[in-house]
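Chemist: coordinates only, no sequence provided:
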DNA sequence: CGGGATCCGTTACGATACTG
DNA sequence: CAGTATCGTAACGGATCCCG
């Protein structure tokens, strides 16, 4: 790895020796959404130097968390993907996302919004207790972009886009964010439209509960 | 903060802006065990420069995660402690500890062993599902040091040292570590002695299950 | 002795330019 | 598209010194 090891006999230190370097956890975040090309990662991580991205990917490969895959011709190109070991980082990302949520300001500011931020943010909110045994397919149409999210038997699953969605959330991504930051649903006007049975809407609210934001310093 | 912000509208990035700097999460780890003096932190974090520790503590104070407290006379001295917001980092530390566990090598090597590593490691292993509703008080006597661990209604609690322990684990800390790394209990000989009712021993094994280490790269 | 501050050599990072 | 090369700057690590 790039940085020196903490050299402590402690799981947290051992974890940070692998994923504690700057940018590393954000690279892993991107890869949890699926295979990514070098350029995909670069554009999702504005500000990272290309040599640094190379170095981080090599480190992650050396630790067995990420692997290169060669896609078949014609467009033969290499992509990066998480290995089985790499997917074990998911609970860490979820815990970080929950910790960081109160610190997100208004969605209007100048910050980069990663394309999958909505999806990733919701995934972090999933309450395993409330989701126990639940199946729910949601289609998002936010700012003209379509995203699917599927809960199967209480866990997030690769969405089946051929099936019918139980719930459709369409409109402005910012409106969804504001809703989760405690805005009055009525104040959103027609910027967000949620379509589905009453039961599906209820399930969604329970599985992805709005967090308590009162804690932020 | 010392490092530049990622400036992304994402909970993970926001979290890393606060706790992603080198040493920061290990400082928070130490503080989860209770108030610590500057010198306590320094000795628990071998290799950290004193100015860096100062800077990190100031950053954490500015973010409202840590606060200074003045202990009363005679030995008037300042200690650092987590605030309510700071205690929200706990799930992150647990997730990291679980992720990092397979990467811990044999306990015999030269690495620094933080005094509370055993306690912290076990706390990370607690299975909330298995612990549901369980009460269990454990006293450790490892390498001559006494540690208490109390599970109350399925959650870790400040141990009540006046009450009677349901389980006593006495002997070499290394033996306990080896046990959790898959060693045959019989091979430990008399290096570890576990005393308690059959029910208490069973509860301990279920609440703190040995992790699957087969995943390590 | 606890709680830092200062200084300085080394390393990692960030920006830009360049290449197969 | 997927990196490599170069280089100035910022952060880190180690040592030393200071003050109550």
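Modeler: Arrived safely. From a predicted model like this one, the values you see are computed outputs, not experimental measurements.
Chemist: around DNA strand D, which positions in chain A sit nearby?
Modeler: Near DNA strand D, the residues belonging to chain A are A:3-4, A:37-40, A:49-51, A:54, A:77-79 when assessed by C-beta under 7 Å from any atom of the strand. (C-beta placed from N, C-alpha, C; glycine too.)
Chemist: filter those down to the ones in helices?
Modeler: Of these, the ones assigned to helices by DSSP state H are A:38, A:39, A:40, A:50, A:51, A:54.
Chemist: which secondary structure elements does the lowest-mean-pLDDT helix or strand in chain A sit against?
Modeler: Within chain A, judged by mean pLDDT, DSSP states H and E, the helix or strand with the poorest mean is helix A:117-125; its value is a mean of 84. Secondary-structure packing of helix A:117-125 (3 or more C-beta pairs under 8 Å, 6 or more residues apart in numbering or on different chains; DSSP states H and E): helix A:90-100, strand A:136-142, strand A:145-152, helix A:173-180, helix B:11-19.
Chemist: list the buried ones in the helix or strand following the fourth one?
Modeler: Per DSSP states H and E, the first helix or strand lying C-terminal to helix A:173-180 is strand A:192-196. Along strand A:192-196, these residues count as buried under the neighbour rule (16 or more other C-beta atoms under 10 Å in any protein chain shown): A:192, A:194, A:196.
Chemist: format the ones in helices among the residues of chain A next to DNA strand D as TSV; extra columns: neighbour count, distance to residue B:31 and pLDDT.
Modeler: Below are those laid out as TSV (neighbours: other C-beta atoms under 10 Å in any protein chain shown; distance: C-beta to C-beta, whole Å; pLDDT from 0 to 100):
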residue	neighbour count	distance to residue B:31	pLDDT
A:38	16	39	95
A:39	11	41	94
A:40	17	38	93
A:50	11	37	95
A:51	8	36	95
A:54	11	36	96
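Chemist: can you narrow those residues to ones near DNA strand C?
Modeler: A:50, A:51.
Chemist: of all the ones in helices among the residues of chain A next to DNA strand D, which two lie farthest apart?
Modeler: Based on C-beta to C-beta, the longest span within these runs between A:40 and A:51 and measures 17.4 Å.
Chemist: returning to that earlier point: so which of the helices and strands packed on helix A:117-125 is the most packed in?
Modeler: helix B:11-19 (a mean of 25; mean count of other C-beta atoms under 10 Å in any protein chain shown).
Chemist: give me the angle between that helix and helix A:90-100.
Modeler: 70 degrees (axes from the mean of the first three to the mean of the last three C-alpha atoms, to 10 degrees).
Chemist: got a list of what residue A:191 touches?
Modeler: By C-beta atoms under 8 Å, 6 or more residues apart in numbering or on different chains, residue A:191 lies in contact with A:171, A:172, A:174, A:175.
Chemist: tell me the confidence at the closest residue to the second one other than its chain neighbours?
Modeler: Same thing as residue A:172. Among residues not flanking residue A:172 along the chain, residue A:191 sits closest, at 4.5 Å (C-beta to C-beta, 6 or more residues apart in numbering or on different chains). Note on residue A:191: pLDDT of 93.
Chemist: residues near residue A:47, how many?
Modeler: For residue A:47, the tally of surrounding residues (other C-beta atoms under 10 Å in any protein chain shown) stands at 13.
Chemist: ditto for residue A:35
Modeler: 15.
Chemist: wait, it touches residue A:77, no?
Modeler: No: if you go by C-beta atoms under 8 Å, residue A:35 and residue A:77 don't touch, sitting 10.3 Å apart.
Chemist: how about the contacts made by the most centrally placed residue in chain A?
Modeler: Centroid check for chain A by C-alpha atoms, centre = their mean gives residue A:120 as the closest residue, at 2.2 Å. Taking C-beta under 8 Å, 6+ apart, we find residue A:120 in contact with A:29, A:32, A:33, A:93, A:97, A:114, B:10, B:11, B:12.
Chemist: any idea how far residue B:11 is from it?
Modeler: 8 Å (C-beta to C-beta, to the nearest Å).
Chemist: joint contacts of the two?
Modeler: By C-beta under 8 Å, 6+ apart, residue A:120 and residue B:11 have these common neighbours: residue A:97.
Chemist: could you dump the buried residues of strand A:192-196 into TSV with distance to residue B:208 added?
Modeler: Shown next, in TSV, are the buried residues of strand A:192-196 (distance: C-beta to C-beta, whole Å):
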residue	distance to residue B:208
A:192	44
A:194	42
A:196	42
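Chemist: okay, the residues you listed in a markdown table with distance to DNA strand C next?
Modeler: Below are the buried residues of strand A:192-196 laid out as a markdown table (distance: C-beta to the nearest atom of the strand, whole Å):
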| residue | distance to DNA strand C |
| --- | --- |
| A:192 | 35 |
| A:194 | 39 |
| A:196 | 43 |
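Chemist: just the closest of these to residue A:142, please.
Modeler: Using C-beta to C-beta, those come closest to residue A:142 at residue A:192, 8.9 Å.
Chemist: so the closest one touches residue A:174, yeah?
Modeler: No: between residue A:192 and residue A:174 there is no contact under C-beta under 8 Å: 9.1 Å.
Chemist: looking at the contacts of residue A:120, which has the smallest pLDDT value?
Modeler: Out of the contacts of residue A:120, that is residue A:114, at 75.
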